[in-house]
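1. I would like the atomic coordinates for the input below:
(one chain, ligands or ions: 2)
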Amino acid sequence: MNFASDNTSGAAPQIMAALARANGGHQPSYGNDPLTRAVEARIRDIFEAPEARVYLVATGTAANALSCAILTDPWGAVFCHRNAHIEEDECGAPEFYTGGSKLVLVDGAHARMEPQALRRTVAHTGRGGVHNVQRGMVSITNATEAGAVYTPAEVKALCDVARDFHLPVHMDGARFANALVAAGCTPAEMTWRAGVDVLSFGGTKNGCMGVEAVVIFDPARAQEFELRRKRGGHLFSKHRFLAAQMQAYLEGDLWLHLARHANVMAAKLSEGVQAAPGAKLVHPTEANAVFAAFPRAAHVRAQAGGAAYYLWPFDQPLDGPGEEPLAARLVCSWATTEAEIEAFLSLIS
Ligand SMILES: Cc1ncc(COP(=O)(O)O)c(C=O)c1O
Ligand SMILES: C[C@@H](O)[C@H](N)C(=O)O
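-> Ligands and ions are numbered 1, 2, ... in the order given. Alright, predicted model coming up:
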């Protein structure tokens, strides 16, 4: 029973088979191979964006930090939610790769930025001239760090605020497939049609071994990304192995099938947890993660029974003071089974 993260799942068999198939003979390096060309074209097709530029990297943090670096000056603010991954879990990589941009935090329920809160925060920034950081860019996470999903209309509402201040928008889509399946829209509707300029299109959490695609909808921004990717040490020399994963991921809509499975498992788990004694959701279950509080005794039984998961927030101890129920983050993936869910529910009920 592993609900610790979708990062703990293995790679889907189709991905591993694709890696083995791609391992024959010699291929041009650094992304000059035919497989990479094919994947770039496929992604432009999926996003209905023939002018988009596509770049593969191996981690979501690299995708996010390099995306921020082409969207803001070092003296610019990166407006993001206070629980954004780029704020809480990337060890300052966005600040590092941008040359020192300041992350300016915005509130909103379920780690979704609230448009008026964004507007107020941006309006307040940079009014003191050289004495203040300037307005730089906006970064949205979809699905969010609290398992919620922005609809295209909600993405557009934030992008409209950004546009009013002439700011570009990045989307951290480490779980983009989960958000897309949940929202039931097209990739274009969830991104550039809503006003997103650059997308970190995740594959790793959703069944790949390690690949993320940065999709840059304005080709004028591409050259700088190419230089920053190489300079940052994120240009894979045996690039065919990133491309092979991404090609298999997109083949036959595998990416959507894997995400749908994870979301369905999370919905099943969420329903079961809510029926458990003393349990309640702390965030809505909209994608592949369940955020719920349940009694400490249930946590003790679950962990003694072999369930792997994190308390939420991550750093609180199970044996700390107090009697109130403790919250947990329970993440489902392409590999989650109904048997795992039934076993977990039996332990907490
Ligand atoms: C929302 C979100 N964005 C970005 C990342 C970064 O991905 P990576 O750990 O591959 O750097 C993660 C990691 O799980 C994540 O949860
Ligand atoms: C660091 C942790 O948040 C990781 N990104 C995960 O979602 O599991």
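2. Point me to the residue of the stretch 201-349 of the chain nearest ligand 2.
-> Ligand 2 sits closest to V331 of the stretch 201-349 of the chain, with a gap of 6.7 Å, by Cβ to the nearest ligand atom. (C-beta placed from N, C-alpha, C; glycine too.)
3. make that the chain, sorry
-> Nearest residue of the chain to ligand 2: S5, at 3.2 Å (Cβ to the nearest ligand atom).
4. Which pLDDT value does the model give the nearest residue to that residue once chain neighbours are set aside?
-> Nearest in space to S5, with sequence neighbours left out and distances taken as Cβ to Cβ, 6 or more residues apart in numbering, is V331 at 5.0 Å. Per-residue pLDDT puts V331 at 98.
5. which residues touch stretch 186-198?
-> Outside stretch 186-198, the residues that touch it by Cβ atoms under 8 Å, 6 or more residues apart in numbering are 46-49, 52, 67, 70-71, 140, 142, 152-153, 155-156, 158-160, 162-163, 168-171, 176, 179-180, 183, 199, 214-218, 221.
6. Identify the residues contacting the residue nearest the centre of the chain.
-> Centroid check for the chain by Cα atoms, centre = their mean gives A174 as the closest residue, at 2.3 Å. Residues near A174 by Cβ under 8 Å, 6+ apart: G60, A63, H85, T141, S200, G202, T204, K205, E212.
7. Okay, strands next: where are they in the stretch 1-150 of the chain?
-> For the stretch 1-150 of the chain, the strands defined by DSSP state E, counting those that start in this stretch cover 53-57, 76-81, 102-106, 134-141.
8. Let me have these in a markdown table, extended by mean pLDDT and distance to A22.
-> Below are the strands of the stretch 1-150 of the chain laid out as a markdown table (pLDDT from 0 to 100; distance: least, Cβ to Cβ, whole Å):
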| stretch | mean pLDDT | distance to A22 |
| --- | --- | --- |
| strand 53-57 | 98 | 13 |
| strand 76-81 | 98 | 35 |
| strand 102-106 | 98 | 37 |
| strand 134-141 | 98 | 31 |
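9. Nearest to ligand 1, out of those?
-> The nearest among those, by Cβ to the nearest ligand atom, is strand 134-141 at 5.1 Å.
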